[in-house]
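S.K.: here you go, sequence then predicted model.
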Amino acid sequence: MKKLAIITGSKGGIGSAISSKLVEENYRLIATYSTGNYECAKRWFDEKGFTEDQVRLFELDVTDTEECREKLGLLQQEEGTFDLVVNNAGITRDGQFKKMSSNNWFDVINTNLNSVFNVTQPLFAAMCEKGNGRVINISSVNGQKGQFGQTNYAAAKAGMIGFTKALAAEGARSGVTANVVAPGYTGTPMVEAMREEVLDSIKNTIPLKRLAKPEEIASSVAFLASEEAGYITGETIAINGGLYMA
Ligand code: CAA
């Protein structure tokens, strides 16, 4: 029988690579997309050549606590208890702190960090009851080292790391592990949206002198989700080309 997984931000650069990898690993995947974006999600689904048995597109506003509680409760009744939760949805609203609007602060905290509560909590109790499960949170090198222009993003991404360690402590007695994957600068639309000269200067500081490939992030998610990784919990796997060595 297929294992059941959910991923937020499924069709983004890293999310899309993780989705493909999990399908390859024979998961049934619930792929969430944001409100009103069905057309775009369906296009992604078709382009990837997924079948409905492999991937179910699922509209979810990950910033809305009540909506997540209701919809994920019903989803669990339909699909069963989850084996894997991947919190991947994330946005950037970069800008120097002295000029940062409160909207740019709260939008990033809501989408990148509060979403982790909203999505994980409705699913976690059943995973504990079943006695096994995996939670994998996609953080960032910038949550580990900080970054000029990203007080909001770094706060959210660092918050995910603290959350994961605490959840790992709580889940351990029930066989549920929680881990973080912290990508560095990866070849995705999010990174490509940066000003060229800023991105070039960052690339120069990366010891491996290149961006990560989304597939290099996805394979570590698959590893952490696997049976072989059953003894790893509360850990952060950094995949950043040497940009930050914790
Ligand atoms: N350290 C110290 N000073 C810096 C700096 C740095 N890293 N970067 C810029 N500055 C300085 C500049 O030298 C400049 O100084 P002067 O005024 O003395 O010339 C000043 O700060 C203003 O710099 P900018 O012209 O860049 O300022 P801006 O307001 O036009 O732009 C910004 C600000 C949008 C934040 C821009 O600096 C930027 O895009 N920075 C990169 C942010 C970043 O790394 N984002 C990652 C997005 S991808 C992602 O987040 C995925 C992931 O997980 C890795």
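M.R.: Perfect, thanks for sending it. Computed from a predicted structure; not experimentally measured.
S.K.: now the spatially most central residue of the chain: phi and psi?
M.R.: Centrality entry for the chain: nearest residue to the mean C-alpha point is Asn88, 1.6 Å, by CA atoms, centre = their mean. As for Asn88, its main-chain torsions (degrees, to the nearest 10) stand at phi -120, psi -20.
S.K.: mind listing what it touches?
M.R.: Going by CB atoms under 8 Å, 6 or more residues apart in numbering, Asn88 touches Ile7, Thr8, Gly9, Ser10, Gly12, Ile14, Gly15, Ile18, Ile138. Where you see a C-beta, it was placed from the backbone N, CA and C, and this is true even at glycine.
S.K.: among those, name the ones in strands.
M.R.: Ile7, Ile138 (DSSP state E).
S.K.: pick out the lowest-pLDDT one from the contacts of Asn88.
M.R.: Of all those, Gly12 carries the smallest pLDDT score, 93.
S.K.: what's the pLDDT at the residue nearest to the centre of the chain?
M.R.: 98.
S.K.: going forward, begin numbering at 52 instead of 1
M.R.: New numbering, starting at 52: the last item is Asn139.
S.K.: so how far is Asn203 from it?
M.R.: 18 Å (CB to CB, to the nearest Å).
S.K.: with Val167 instead?
M.R.: 15 Å.
S.K.: again with Arg94
M.R.: In terms of CB to CB, Arg94 sits 30 Å off from Asn203.
S.K.: show me what from this structure comes close to the ligand.
M.R.: 143, 145-147, 191-193, 198-201, 204, 236, 241-242, 245-246, 249, 253 (CB under 6 Å from any ligand atom).
S.K.: what about the strands in the chain?
M.R.: All strands of the chain, identified by DSSP E, fall at 54-58, 78-84, 106-110, 135-138, 184-189, 227-234, 287-290.
S.K.: partner strands of the fifth one, parallel or antiparallel?
M.R.: In other words, strand 184-189. With DSSP bridges as the test, strand 184-189 is paired with strand 135-138 (parallel), strand 227-234 (parallel).
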